[in-house]
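Engineer: Kindly return the folded structure for what I paste below:
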Amino acid sequence: MTVATLPPSRRGASQRRRAPEIIEAAALVFAQRGFHGATTQDIADVLGIRQASLYYYVSSKEAALELVCLRGVEGFFEAGKAIAARPDPAREKLSLLIISHLSPMLDRGNFVKVFLNERQHLPAESRRRIGRWSRGLERIFEQVIDEGVAAGEFRAGLDARLVTLAVLGMCNAASSWYLKENKGVPAIAAEFSRLVIDGMATRPAKRPPKRR
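Structural biologist: Here you go, the predicted structure:
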């Protein structure tokens, strides 16, 4: 499998690269080959530098993965917390949460994909730290869904935890196929929002049949 390279404008004779370029190259390689299928030589090849020069910025493949995953998860919890604090109805906040969760695929899709697919290879402490952020985001979704149930926007008896896992699972899975579809991320986010919110909306009470 041939790994794509960064544009020629990003490749120079200098072997001293800024850290963001190194991490971007690592994200590209890990996204295409997976953690176990990638090497630091692959990352160096994308940049057109010697493997030894790479170690000026990252000490190992594992360290590069950690930086990529941190960039992939960056901002999700903070954005979710800000949305949950808004005074909007729960259905609008849930729609914004879904859009916010999918939007990073537009500008850092490789980072998000690596985080979702390769984070199990992180060192234990990194997994625990990232796990805390993930659980925090899950609680935000649950809170908004519970608010919607309490306000009568969503059907009574909904299992907020189960709905949260289903919504996040659907959104996370999109990272593996969205590039193959003709719809962009905003269109996918809008469709997911309609699917979830319409499915949870309170149904009008059925009228009893008229007696003849």
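
Engineer: In the lowest-mean-pLDDT helix or strand in the chain, which residues have enough neighbours to count as buried?
Structural biologist: Considering only helices and strands, the least confidently modelled element of the chain by mean pLDDT, DSSP states H and E is helix 51-54, at a mean of 87. By neighbour count, and taking 16 or more other C-beta atoms under 10 Å as the criterion, the buried residues in helix 51-54 are Leu54. (Glycine included, C-beta is placed from N, CA and C.)

Engineer: Can you give the distance of the helix or strand that that helix is followed by from its chain's centre?
Structural biologist: Remark: after helix 51-54, the chain's next helix or strand is helix 61-73, criterion DSSP states H and E. If you compare the mean C-alpha spot of helix 61-73 with that of the full chain, they lie 14 Å apart, counting by C-alpha atoms, centre = their mean, to the nearest Å.

Engineer: Not counting sequence-adjacent ones, nearest residue to the residue nearest the centre of the chain?
Structural biologist: By C-alpha atoms, centre = their mean, the mean C-alpha position of the chain lies nearest to Val112, the distance being 4.8 Å. Here the nearest residue to Val112 in space, its sequence neighbours aside, is Gly72; by C-beta to C-beta, 6 or more residues apart in numbering that works out to 4.8 Å.

Engineer: for the residue nearest to the centre of the chain, helix, strand, or coil?
Structural biologist: helix (DSSP: H, G, I helix; E, B strand; the rest coil).

Engineer: Now do the same contact list for it.
Structural biologist: Neighbour list for Val112: Gly72, Pro104, Met105, Ser175 [criterion: C-beta atoms under 8 Å, 6 or more residues apart in numbering].

Engineer: And for Glu191?
Structural biologist: Under the criterion of C-beta under 8 Å, 6+ apart, the contact partners of Glu191 comprise Lys183.

Engineer: Thank you, goodbye.
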